[in-house]
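>>> Prediction below, plus the sequence it came from.
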There are 2 protein chains.
Amino acid sequence: MPIERYLTIGEVAQRSGVAPSGLRYYESLGLISSERTPGNQRRYERTTLRRVAFIRTASRVGLTLDEIGEALATLPEARTPTAEDWTRLSRSWRPLLDARIAAIERLRDDLDSCIGCGCLSLERCVLQNPADRAAALGPGARYLEGDSPLDAARAAGSSTS
Amino acid sequence: MPIERYLTIGEVAQRSGVAPSGLRYYESLGLISSERTPGNQRRYERTTLRRVAFIRTASRVGLTLDEIGEALATLPEARTPTAEDWTRLSRSWRPLLDARIAAIERLRDDLDSCIGCGCLSLERCVLQNPADRAAALGPGARYLEGDSPLDAARAAGSSTS
DNA sequence: TCTTGACCTCAAGTGAGGTTGAACTTACAC
DNA sequence: GTGTAAGTTCAACCTCACTTGAGGTCAAGA
């Protein structure tokens, strides 16, 4: 075991690109943890850098911090996570990324066909399917509003401009 | 000119899939407009449906409502916008979508190579480039935090676990 | 006429992911 | 041993895209 040199919050902040306030915020959510000096200052293990990197990356991919927390919870608590452990987690993002790419491609293609055919019936071609809508922009079901395709179709049918 | 049958907010809501509160919100931002009945209720032109569809789609694409407002401001005020007008606006989304897809693909591939080579140096492989990070999740410069690649590299170089 | 449902305004709340400020304490280099 | 940079807590604030609630009005059918 090499000598563990603990890192201050400022060091972790600089090296991870997450502001101290952000790190405290992550800690408040239980995503990372720290020891304290006798004077109550945080000291982080080196592995925290990896953990923070993971959090940032997952966040970038569109996971909520809650979801990331759940993923992190599957890491073994007893020992320092191995490369193996991290690999398992990262690999689990693959389908998510693929799905997200697919959703955006679909949106792009829908848009193309709307533009191509000249109808530009966004109501009919694109906005009709709420499932895609929810998938396209990532986390949460923000766009599942229970709108009615039938109404949209009627509107498109009688539309003037 | 066909008879203009004005739509109530409820009708627009149903047909567009945007809640009345959302439509009022859009109006407060100047994204749509309405006439009023003698009793102060909103009445919408039919073209509002298309406008709302545009807003929703643009929003889905990842534009902020501010940006959408700017786009809408380029529409001619003098006449009802034609299919041509809408096509012009929508076409401009294409690069944005392409960029977004590319960013996520890049992220996915970076991740793959990290996993593949066994280093799993997220700090080095993935988190090192802030520009991509900003692009990946869409609108705004939310992720441009001025972090230092140099620091990240140093951190990766001396990382233990 | 009455009731009901749709509409109005304005202020406040939501949730995600943090940042900022005030008031105070620690750690460390000189 | 002291100055100051960096740390602490806690509450409040921020943006984005809306929704909710309170308190009140309007429109239409029975």
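Structure's in. What do you need?
>>> Count the residues that sit near the residue in chain A that DNA strand C sits nearest to.
Closest contact between chain A and DNA strand C, by C-beta to the nearest atom of the strand, is at A:Gly39 (2.2 Å). Just so you know, the C-beta spots here come from the backbone N, C-alpha and C atoms, and that holds for glycine as well. Using other C-beta atoms under 10 Å in any protein chain shown, A:Gly39 has 5 neighbouring residues.
>>> List phi and psi for it.
Main-chain torsions, A:Gly39, degrees, to the nearest 10: phi -90, psi 20.
>>> Does at least one residue of the longest helix along chain A sit close to DNA strand C?
When chain A is scanned for its longest helix (criterion: DSSP state H), the result is helix A:94-117. No. Counting by C-beta under 7 Å from any atom of the strand, no contacts exist between helix A:94-117 and DNA strand C, the nearest distance being 13.6 Å.
>>> How about that helix, which residues are buried there?
By neighbour count on 16 or more other C-beta atoms under 10 Å in any protein chain shown, the buried set for helix A:94-117 is A:Leu96, A:Leu97, A:Arg100, A:Ile101, A:Ala103, A:Ile104, A:Leu107, A:Arg108, A:Asp110, A:Leu111, A:Cys114, A:Ile115.
>>> Ok, stretch A:41-61 next?
Under 16+ other C-beta under 10 Å, the buried positions of stretch A:41-61 are A:42-61.
>>> Just to be sure, which of these are found in strands?
Counting by DSSP state E, the buried residues of stretch A:41-61 place A:Arg42, A:Arg43 in strands.
>>> What residues does A:Leu31 make contact with?
A:Arg51, A:Ile55, A:Leu65, A:Ile68, A:Gly69, A:Leu72 (C-beta atoms under 8 Å, 6 or more residues apart in numbering or on different chains).
>>> Contact partners for the first one?
Just to be clear, that refers to A:Arg51. Listed by C-beta under 8 Å, 6+ apart, the contact partners of A:Arg51 are A:Leu31, A:Ile32, A:Leu72.
>>> Quick one, grab the pLDDT at the nearest residue to A:Asp98 once chain neighbours are set aside.
Excluding its sequence neighbours, the residue lying closest to A:Asp98 (C-beta to C-beta, 6 or more residues apart in numbering or on different chains) is B:Arg108, at 7.3 Å. As predicted, B:Arg108 sits at a pLDDT of 78.
>>> what residues does chain A put near DNA strand C?
When proximity is defined by C-beta under 7 Å from any atom of the strand, chain A lies next to DNA strand C at A:18-19, A:21-22, A:24-26, A:37-41, A:59, A:63-66, A:139-140.
>>> Check the gap between A:Ile68 and B:Asp109 for me.
21 Å (C-beta to C-beta, to the nearest Å).
>>> same question but for A:Ile9, I mixed them up
With distances taken as C-beta to C-beta, A:Ile9 is found 32 Å from B:Asp109.
>>> now do A:Gly69
From A:Gly69 to B:Asp109 the distance is 26 Å (C-beta to C-beta).
>>> swap in A:Arg60?
14 Å.
>>> again, but for A:Glu11
Note on A:Glu11: its distance to B:Asp109, by C-beta to C-beta, is 30 Å.
>>> try A:Glu105
Per C-beta to C-beta, A:Glu105 is found 16 Å from B:Asp109.
>>> Tell me how chain A divides into domains.
By the assignment in automatic domain parsing, chain A contains the domains A:9-92, A:96-157.
>>> which one of these has the lowest average pLDDT?
domain A:96-157 (a mean of 50).
>>> so which residue of chain A comes closest to DNA strand D?
Proximity of chain A to DNA strand D (C-beta to the nearest atom of the strand) peaks at A:Gly10, 2.5 Å away.
>>> Could I get the phi/psi values of that residue?
For A:Gly10, the backbone dihedrals (degrees, to the nearest 10) come out as phi -70, psi -40.
>>> Noted, bye for now.
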